[in-house]
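Asks: For reference, the sequence and a predicted model appear below.
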Amino acid sequence: MATKLATTAIPFEQYFSIDDEACDQRIDAAKQKLGDDLVILGHHYQRNEVFKHADFSGDSLKLSRNAAESDAQYIVFCGVHFMAEVADILSRPDQIAILPDLAAGCSMADMANRVNVDRAWQEMSEVLDPDEMITPITYINSAADLKSFCGKHGGIVCTSTNAPHVLDWAFAQREKVLFFPDQHLGRNTGYKMGIPLEEMVVWDFDKPLGGLTPEALKKAKIILWKGFCSVHQMFQPQQIDNFLEKYPETKVISHPECSFEVCQKSDYVGSTEYIVNTIANSEPNTRWLVGTELNLVNRLHERFQDQGKSVHFMSPTVCMCSTMFRVDPQHLLWVLENLVEGHVVNQVSVDPVTAKEAKLALDRMLALPI
């Protein structure tokens, strides 16, 4: 379907008052009209009202690769901004990445920006030669310009699944690692690989030299950026203890973005895909306490309750990804009906220089035999 160049796009204001049921019907109709020109991606943390319309579901990297391998011209990513950026970087030039609501960001990704990372690299150079001694690793949950930084400085991207393999690769290049933006994934992964906690230091970007002494920086094996996921930060070890007092047979499974203390008390630690697959492959009539985003946990509870599996959310308070929640049926419908009319709204496009350097870092990861 060719994109028309005439007339003005339909404004979102016309979609405010449409109820979810009407949205469902019109979304289905728009999908039918767009056919193979469209692919909708739904991240695991997406709300059900939107998630059910996805052609593919999963974590961010898997979804971007699904889209790039499809014949679709339009990639509508029901996730957050960095995910749509990765889809744009990995997709073909003729494909267009779209985020239904451009305000859907990631608070963790925002904790490491290019200005602060460039400044940190410069400050480190006052103590040692970072380009000779440090391999930068950015978690895929980061902006394209940080992936570009890693591409430029011989670094790499990681996911929560492949972080151990990526760290192995990084240490084969240089003796130290700068890991951003999530300190918990870096710490949990490093410790699991046998790196002592005292050889992992936290770089506080609000303080000179990250709040570290030159000696601490020289001794460190992993320099962890002071960043975290606001969702996974909510989980606490006491929540596990309290639940096990009531249900001692429970298996605890957590995402590695959770704190070190939570992961140490968990029976299993892994990515969203790992959590889904572990519970799916478990014995019937088992009980699970899960430390990850609420929408996914609720979906798992509903999916496996007929097998007698009880899936519980770790936190006693509601804890969901509020920025991803911005993508609602109304925004999805708005994007799709504009495409039907030949208008592209909310396109996410990474500039060519940034995209080229970011793809270097992504390709280094994708080339690893994992």
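Replies: Now that the structure is in, tell me what you want to look at.
Asks: okay, now the domains of the protein?
Replies: 12-105+324-350, 109-230, 232-313 (automatic domain parsing).
Asks: Look at residue 198 and say how many residues are nearby.
Replies: Counted with other Cβ atoms under 10 Å, residues neighbouring residue 198 total 10. All C-beta spots, glycine's among them, are computed from the backbone N, C-alpha and C.
Asks: distance of it from residue 265?
Replies: Distance of residue 198 to residue 265, given as Cβ to Cβ, to the nearest Å: 21 Å.
Asks: same check, this time on residue 346
Replies: For residue 346, the distance to residue 265 - Cβ to Cβ - is 41 Å.
Asks: Residue 344 too?
Replies: Taken as Cβ to Cβ, the span from residue 344 to residue 265 is 47 Å.
Asks: Then residue 30?
Replies: 46 Å.
Asks: same question, residue 273
Replies: Distance, residue 273 to residue 265, by Cβ to Cβ: 22 Å.
Asks: higher neighbour count, these two?
Replies: residue 265 (21 against 16).
Asks: I'd like to know which of the domains of the chain is closest to residue 362.
Replies: domain 109-230 (5.2 Å; Cβ to Cβ).
Asks: Distance across that closest one, terminal residue to terminal residue?
Replies: Taking Cα to Cα, to the nearest Å, the first and last residues of domain 109-230 lie 11 Å apart.
Asks: Between the domains of the chain, which one is closest to residue 357.
Replies: Of the domains of the chain, nearest to residue 357 by Cβ to Cβ is domain 109-230, at 3.7 Å.
Asks: Spell out, range by range, the helices that occur in the stretch 1-150 of the chain.
Replies: 20-34, 48-51, 60-69, 81-90, 107-110, 114-124, 130-133, 144-152 (DSSP state H, counting those that start in this stretch).
Asks: Could I get those in TSV, plus columns for mean neighbour count?
Replies: As requested, those are exported to TSV (neighbours: other Cβ atoms under 10 Å):
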stretch	mean neighbour count
helix 20-34	16
helix 48-51	18
helix 60-69	22
helix 81-90	26
helix 107-110	22
helix 114-124	16
helix 130-133	14
helix 144-152	25
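Asks: Figure out which of those helices is closest to residue 244.
Replies: Nearest to residue 244, of the helices of the stretch 1-150 of the chain and by Cβ to Cβ, is helix 107-110 at 28.2 Å.
Asks: what residues are up against the most centrally placed residue in the chain?
Replies: Nearest residue to the geometric centre of the chain (Cα atoms, centre = their mean): residue 141, 4.2 Å. For residue 141, the contacting residues are 60, 82, 106, 108-109, 181-182, 229, by Cβ atoms under 8 Å, 6 or more residues apart in numbering.
Asks: any chance of these in CSV, with pLDDT too?
Replies: Shown next, in CSV, are the contacts of residue 141 (pLDDT from 0 to 100):
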residue, pLDDT
60, 77
82, 92
106, 82
108, 83
109, 86
181, 96
182, 97
229, 88
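Asks: With respect to residue 359, which of those residues is nearest?
Replies: residue 82 (14.4 Å).
Asks: Hmm, residue 146 and that closest one touching each other?
Replies: No. Look at residue 82 against residue 146 with Cβ atoms under 8 Å: they stay out of range, at 9.0 Å.
Asks: Would you mind listing the buried residues in stretch 193-210?
Replies: Buried positions in stretch 193-210, judged by neighbour count with 16 or more other Cβ atoms under 10 Å: 195, 200-203, 205, 209-210.
Asks: for the stretch 251-370 of the chain, what spans make up the helices?
Replies: Counting by DSSP H, counting those that start in this stretch, the helices of the stretch 251-370 of the chain are 260-264, 272-280, 294-304, 329-340, 352-366.
Asks: out of those helices, nearest to residue 221?
Replies: In terms of Cβ to Cβ, the element of the helices of the stretch 251-370 of the chain nearest to residue 221 is helix 260-264, at 15.6 Å.
Asks: Residues contacting the closest one, please?
Replies: By Cβ under 8 Å, 6+ apart, helix 260-264 touches 184, 187-188, 191, 197, 235-237, 240, 254, 256, 269, 291, 314.
Asks: Could you identify which of the residues you listed has the most neighbours?
Replies: With neighbours taken as other Cβ under 10 Å, the top of the contacts of helix 260-264 is residue 291, carrying 30 neighbours.
Asks: ok, the nearest residue to that one once chain neighbours are set aside - contacts?
Replies: Leaving aside its chain neighbours, residue 291 sits nearest to residue 254 (3.5 Å; criterion: Cβ to Cβ, 6 or more residues apart in numbering). Counting by Cβ under 8 Å, 6+ apart, residue 254 touches 235, 262-263, 266, 268-269, 290-292, 314.
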